[in-house]
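Peer 1: Pasting the sequence and the predicted model now:
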Amino acid sequence: QVQLVESGGGLVQPGGSLRLSCAASGSIFSINAMAWYRQTLGKQRELVATISSGGTTNYADFVNGRFTISRDNGKNTVHLQMNSVKPEDTAVYYCNADIKHIRYLPSTNYWGQGTQVTVSE
């Protein structure tokens, strides 16, 4: 089995910065795409950013250059550097990863438990 454990959430003032991390552990042969999503109460979970195993990144339009996703393949981790945060960035942030347990079998998609980010004075 695999576990994704997020860390780094908390309270931050508008205009401030926060760095989220997610570590994958367990039975891992390789990790394909990794991503960050977020969800607020009463809304659907939305994509924030993705990064491929080769480092290609994509961002939601609302990011607008404020966030950076990165990964360390040797440590099976993915990070989200959040700068110039706004109150509307307040949400539970979830890590997502597409993981292969065995080389010749299809990958399985996993979610972390989520970490709360609150942007407020």
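Peer 2: That came through fine.

Peer 1: Quick check: closest non-adjacent residue to the residue nearest the centre of the chain.
Peer 2: Centroid check for the chain by CA atoms, centre = their mean gives residue 36 as the closest residue, at 2.7 Å. Among residues not flanking residue 36 along the chain, residue 48 sits closest, at 4.3 Å (CB to CB, 6 or more residues apart in numbering). C-beta coordinates here come from the backbone N, C-alpha and C atoms, glycine included.

Peer 1: helix/strand/coil for that neighbour?
Peer 2: strand (DSSP: H, G, I helix; E, B strand; the rest coil).

Peer 1: okay, now it: neighbour count?
Peer 2: Here the count is done by other CB atoms under 10 Å, and residue 48 has 23 residues near it.

Peer 1: Repeat that for the one 5 residues further on.
Peer 2: The tally of other residues near residue 53 (other CB under 10 Å) stands at 13.

Peer 1: nearest spatial neighbour of it, skipping sequence neighbours?
Peer 2: Closest residue to residue 53 apart from its sequence neighbours, by CB to CB, 6+ apart: residue 32 at 5.5 Å.

Peer 1: For burial, what's the neighbour tally of the one you found?
Peer 2: For residue 32, the number of neighbouring residues by other CB under 10 Å comes to 13.
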